[in-house]
Each structure stands twice: as C-alpha cells, then as structure tokens.
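S.K.: Structure, please.
(chains A and B)
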Amino acid sequence: MSGIEDAVIYALLFVSLYFEVFLLFTFLENRERLKPGKGAEEIKIFPSVTIIVPCWNEEATVEATVESLLSLDYPEDKLKVFVVDDGSTDGTWRKIQRFGKNGRVRIFRKENGGKHTAVNLGIENTGSEFVGCLDADSFVDPKALKRIMKYFEDPETMAVAPALKVHKSGNVIELIQNMEYKMGIFMRKMFSLLGALQVTPGPFSIFRKKVFDELGPYRRAYNTEDLEYALRMQSRHYKIENAHDAFVYTVAPATFKGLYRQRVRWITGFLKNAVDYRFMFLKREYGNLGILVLPIAFVSVFSALFFVGRTALAAAEFAVEKISLLNAVNFDFGFALSSVNFNWFFVNTGAMWMLSFFVLAMTAAFVAVGKKMADGKFRFSRDFFYYLFLYGLIAPLWLTKSVYNLFFAKNASWR
Amino acid sequence: MREINWTKYIFVLMVTTAIFFSAIFLSGYLSGKKIEELKNIEDNISMNILASETQFALLSDASCENITNSVLSQELNSLASKLSYMESSFGTDNAEVVRLKKYYSLLQIKDYLLLKKVGEKCDSPPVFILYFYSNKGDCRDCQKAGYALTYLRNKYPRLRIYSFDYNLNLSTVKTLISMYGIKNDLPAIVINGKVYYGFKGREEMENLFPELRNIGKETAADTDETKQSAE
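M.R.: Model (predicted):
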C-alpha cells in the first residue's frame, strides 16, 4: 500500500512541478509585455460599450458600483450602464431609481430568475458593439475600460477579462483572499498568454456583442455562468484575452461562512462544467487549455484533497503520539523541549519533502510576482504568509464539499 | 486558440525531469552523508571501548575514576537517537540501517560487559537497564517506554540504558534474550536481573530501581563538589 501511495505522491508532485515550470517559462517568455499600462492610453477609437449591473439584494453597494462605472475614463456618449434588479427584496430598487434620470443609465426590474437571466435581459436590450457585466459588489478603476478596449484592437479578440483585486481587506479571511486574488492576476495572465483562460469573471469581463448573438445567452450553468461561458467560447475557438492592468475591485466575503459558500459554488461549478465540457480534455484542437490547463485544474482539486488529507492524518498521528509520549513522562515540558534536536542530521532530506518544498517555493514566487503585478512592487506582508500557510488549511473544507456535490449531484447555491 | 508549442512542452519536461532527479540524487547524497556520520560515530565508540578494555587489561591498578569516565561515553546515546531517526526515515528493513543497528547492539553489549567488569574492580555496581522493544508494529507501548527511559537517562546521567530490538537477527542479542528468558511480550525491561513486562512510567521505574535515587544523590553531590572547587 505504501509503495502505491508513494508512487501516487511522486506522480502528483511531478505533474505539479511540470505545471509550475511551464508557467515559469511562459512568464519568462513574456515578462516585457507584463509591465502595467504599456500603451493602454493610446487607443484612438472608442466603440460603444454597455455595462450591465445585475443586482439581487445589493442595496449596500449598488450605488457605489454604478458611480464607479459613471466615473470611468471613457467618452460619455459611448458608455451605457444597465442596472437590472433581479427581484430584490431589500431596498435595492429604491436605491437604483435615483439613476433613472441619468441619460447614461437605464434601469430594469424583473422577477427573480438568477444572475444569468438579469445579464441576459441587459444583453437583449443593448445595441452597443461591446457588452460587459459588473457584479453589484464590485467597483472599477477609472482606467480599466480603456485598458481592456486596447485588446479589442485585435479583431480576433472576442472577450477580455480584467485583473481582480479585493476591495478592502482587514481581517485574516479578507487578507488571505487579498493575496489569493493577486496570485490570480498572475495566473489569469499566464493562462491568457497560453490561450487557455477558462473563466471570464463576472466583474467586468467585456465581450463583443456578436459573441452573444452567435453563441447564445448565459445559462444557469450550476451558478457559475461566467465559467461556462468562457468554456463555451473556448470550445468554439473564440479568443479570450486578459488585461492584467485593468483593475476591478470586488468585495470579498469577510467571514469564513461567506467564503466557504462562495468557494463551494465556484469549485462545484467548475467541476460540473468541466464534466460537461470533458470533450475538450486532452484534445489538441483545444490547444493548451485542452492539453494542459483544464486537465490539471480538474485533477488539482482531487490531488489537493489527497495531499491535505494525508498531511492532516499525519499531523493528527503526530499530535496523538506526542501527547502519549508527554503522558509517559508526566507532562514534563522542560524535558520535552530539551530533547528537541536541532542537528542537521534530523532535518528531513527525503526527495518527497525536497520536491514538496520546491513546489511550495515556486508557488510563493508566483504569489510574489502577482503582488508585484497588482501593486507595482513586492514587499513581504502579513497576507503573503497568511495565504501561503493558512489557505491550505481551510481550502480542503470547500474542496471536500464541492467533490461531494460533484458526485452526489448537488448544486451549490448563491448565498 | 493558440497553437500548441510542442518544443516548449518537451523542454519543460526535460527541465522538470532534471529538477525531479536532482532532488532524488541530492536526497540520496545527503542520506549517504548521514549513514557515513553514523559509521563514524560507531567507529569512534568502538575505538573508545577498545581503548578502555586495553587500559583495563594493562593497568589492573588503574584509577577507577579514569576507567569509568572513559567507558561512560555519551556517544552511545547520540547514536541511538540518530539510528532511531534513520530507521523511521528509511524503514526498519533497510539493509544499511539493519547493519548499523547490529553493530550498535554489539557495541552496547561490549559496553555493558566492560561496565560490569569495572563495577567489580572498583566496587561500584553498575546501574543499568536492559530494554527490549519491537518496531514491527506489534508493540503499542514501545515508543512510550523508550521515551520514559530517555527521560530517566537524562535525569540520572550515570544510568546506562541498553536497548535491543527483540527481532534483530543477531545471535548475541538472541543469547541475551535467552539468558534473561525474555518472552515476546514487549516492551520488556531488565532491572537488577529481573524482567518486567509492559509500559512502566517514570515513577514506577524509580520505585522498581531504588539505586536510581542513590545515583541521583551522588550526581547532586558531585555537582556540589564541582561548584565548591570552582569557587
């Protein structure tokens, strides 16, 4: 059994290492292109854009979201904002009514049908060349739209995803996400350079309107419609880019419960959509997405569970053993501390440990690059360590639930 | 859709393989260094024991203190913990670890015999415990017993603990087992020629071995004397 387990661990470590080295090479090949704001202000033509803000019980943030859109550095006559109240039961409708008189804003109200129905309503009503969406708990940087539109100068580009940051981070849960999103900026850019973006995030991904005309509207897609749409586009070979310097700020869950629910929805959605689009796996015609990114992303959910489960089991065994040993000497902590040996001889120099350390070090390097891409510079901070050392402890909880949902056909709810 | 750059895939595969096998090679190299360190320690102990035996044989009227000091090498303890670590890292069946363990057991027995001789000559009966364990997974309390014994050895530096793997395929250890009639009901300890089975906590062992309290007092008195002479 231990022989098989070791073989599985080495195989997973090899795959993880391969993927990280692949990303590292992609980064090194393109590092000159990753400098922020390069040429972004140079766009001369400003096509018409409609941004749809779907909202359901978002009275606390919707006004600021719309205000941030109206403050975008983009010609006023080329930008429309559609606010769609998806049957809110709080004061959302009252809050958005004040924008009704603004010529650039149009408000809609409909029965609750899910986020995808609200966005689809906006898409049906727009005559703009480009259309995007902004979740009502997100805010845009004034330059974000210009930076995104630069990518549409390439007529083959069909959608552009932005760079997401956490709006405000105070507690540990928010700080962990703050760093995770910054790493996400790096990862998303790498995937886009490989032509392998698998999600066009709800907050401020912009599409050519003709994409919806050709591929149809959003579907519920296990409450991860933005993920499904990106996969639908990739399956038809539509090009998706990423503007790594088009910053969008989103409100991250501040409690563990909120984070857990959000991640269960995301991961369950990813797994179920991946199963639906399994025909893309390991097929050359779907490029790096089919050959590398999708299979590894899918397997990584299970391998993360395997590694974390194994580590948790080892940690529990270690704790039980130490307690039993301490009990044997009547809990003499002085002796226990004095018997800790710092000689190099006792440092674990097993190949498995070295490789795990190497994989973790590469992850830390990617987080650091993501932070530099997001902030313009890298400095060690609390959130860096929180992410590296705490994320792995809490992520298995939603991974487990998501895998359960995958096999037992449960859909994760929005809230 | 970007074209797949197969050259990149192959290049990354080569780099990953190189990193992977470098880690395996480095790990093997460092393990070799550790084995080498263990061998050096064993050689050192062997040399010390041989020197003490020779000294004992040459100078029948040698000062007891000199002989005793040279025999009571702390290196055996250090070797024990390192050997135990290697066992947990490489597995109990690893040929090199088993070889080192056999050598270690022999060194312990030699040390034990010499200690007994010195005890007779110097009128200072040896204070020792023989400890038999198994790490085949059939002895739940062996680890606890080992830890409690380490505690005692730390508390009473003059106490010698000789630990033997009950299942070690070494005739000398088998002789020791049959000499004391030790059954396969581990952990087992031998105190003053009497065999005790099962886990014994530190207080229980102190009660079973009253001499411990005397050597504890001696150690304290020695320390006081050393302090006074330093003043």
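S.K.: and residue 90, what does it touch?
M.R.: I went with chain A, as the question did not name one. A:Asp90 is in contact with A:Asn57, A:Glu59, counting by Cβ atoms under 8 Å, 6 or more residues apart in numbering or on different chains. C-betas here are computed from N, CA, C, even on glycine.
S.K.: hm, I was asking about chain B
M.R.: Neighbouring residues of B:Phe90 by Cβ under 8 Å, 6+ apart: B:Ser31, B:Glu96, B:Val97.
S.K.: Need the pLDDT of residue 114.
M.R.: I'll assume chain A. pLDDT recorded at A:Gly114 is 90.
S.K.: wait, I meant chain B there
M.R.: pLDDT, B:Leu114: 80.
S.K.: and it, what helix or strand is that in?
M.R.: Per DSSP states H and E: B:Leu114 is located in helix B:95-122.
S.K.: What residues of that helix count as buried?
M.R.: By 16 or more other Cβ atoms under 10 Å in any protein chain shown, the buried positions in helix B:95-122 come out as B:97-98, B:100-112, B:114-115, B:117-119.
S.K.: just stretch A:60-75 next, same as before
M.R.: A:Thr61, A:Val62, A:Glu63, A:Thr65, A:Val66, A:Ser68, A:Leu69, A:Leu72, A:Tyr74.
S.K.: can the helix holding B:Leu114 be found next to chain A?
M.R.: No. No part of helix B:95-122 sits close enough to chain A to count as contact by Cβ under 8 Å from any Cβ of the partner chain; the gap is at least 13.3 Å.
S.K.: what's the spacing between that helix and its chain's center?
M.R.: Relative to its parent chain, helix B:95-122 has a centroid offset of 10 Å by Cα atoms, centre = their mean, to the nearest Å.
S.K.: Past it, which element shows up next along the chain?
M.R.: Once the chain leaves helix B:95-122, the following helix or strand, as judged by DSSP H and E, is strand B:128-133.
S.K.: which neighbours does that next one have in its sheet, and in what orientation?
M.R.: Strand B:128-133 pairs in its sheet with strand B:160-165 (parallel), strand B:188-191 (antiparallel), by DSSP bridges.
S.K.: For the residue of chain A found nearest chain B, grab the count of nearby residues.
M.R.: Closest to chain B within chain A is A:Gly195: 3.2 Å, counting by Cβ to the nearest Cβ. By other Cβ atoms under 10 Å in any protein chain shown, the residues close to A:Gly195 number 20.
S.K.: A:Val359: which of the strands paired with strand B:128-133 is closest?
M.R.: strand B:160-165 (36.3 Å; Cβ to Cβ).
S.K.: quick one: that closest one to helix B:95-122, angle?
M.R.: Using axes from the mean of the first three to the mean of the last three Cα atoms, to 10 degrees, the direction of strand B:160-165 lies 150 degrees away from that of helix B:95-122.
S.K.: can you tell me which residues contact the spatially most central residue of chain B?
M.R.: In chain B, the residue lying closest to the centroid (Cα atoms, centre = their mean) is B:Ala80, at 2.7 Å. Residues near B:Ala80 by Cβ under 8 Å, 6+ apart: B:Tyr104, B:Ser163.
S.K.: what's the spacing between it and chain A?
M.R.: As judged by Cβ to the nearest Cβ, to the nearest Å, B:Ala80 and chain A stand 12 Å apart.
S.K.: Mind naming the longest helix for the chain?
M.R.: Because you didn't say which chain, this covers chain A. As assigned by DSSP state H, the longest helix anywhere in chain A is helix A:294-328.
S.K.: other chain: chain B
M.R.: Chain B, longest helix under DSSP H: helix B:6-58.
S.K.: which ones are touching A:Leu12?
M.R.: A:Leu12 sits next to A:Ser303, A:Phe306, A:Phe307 when contact means Cβ under 8 Å, 6+ apart.
S.K.: Drop anything exposed from those residues.
M.R.: Buried among these (16+ other Cβ under 10 Å): A:Ser303, A:Phe306, A:Phe307.
S.K.: Can you tell me the element the residue nearest to the last one when sequence neighbours are not counted falls in?
M.R.: Of all residues beyond its chain neighbours, the one nearest A:Phe307 is A:Leu12 (7.2 Å), with distances taken as Cβ to Cβ, 6 or more residues apart in numbering or on different chains. Using DSSP H and E, the element containing A:Leu12 is helix A:2-30.
S.K.: So which bits of chain B are right by chain A?
M.R.: So far as Cβ under 8 Å from any Cβ goes, chain B lies against chain A at B:1-4, B:8-9, B:11-13, B:15-16, B:19-20, B:23-24, B:26-28, B:30-31, B:34, B:37, B:81-82, B:85, B:89, B:143-145, B:147-148, B:150-151, B:154, B:199, B:201-203.
S.K.: So which elements touch the helix holding B:Leu114?
M.R.: helix B:6-58, helix B:64-71, helix B:75-90, strand B:128-133, strand B:160-165, helix B:171-180 (3 or more Cβ pairs under 8 Å, 6 or more residues apart in numbering or on different chains; DSSP states H and E).
S.K.: Just the angle for it relative to helix B:75-90, thanks.
M.R.: Per the same axes, to 10 degrees, the angle that helix B:95-122 makes with helix B:75-90 is 160 degrees.
S.K.: Okay then, goodbye and thanks.
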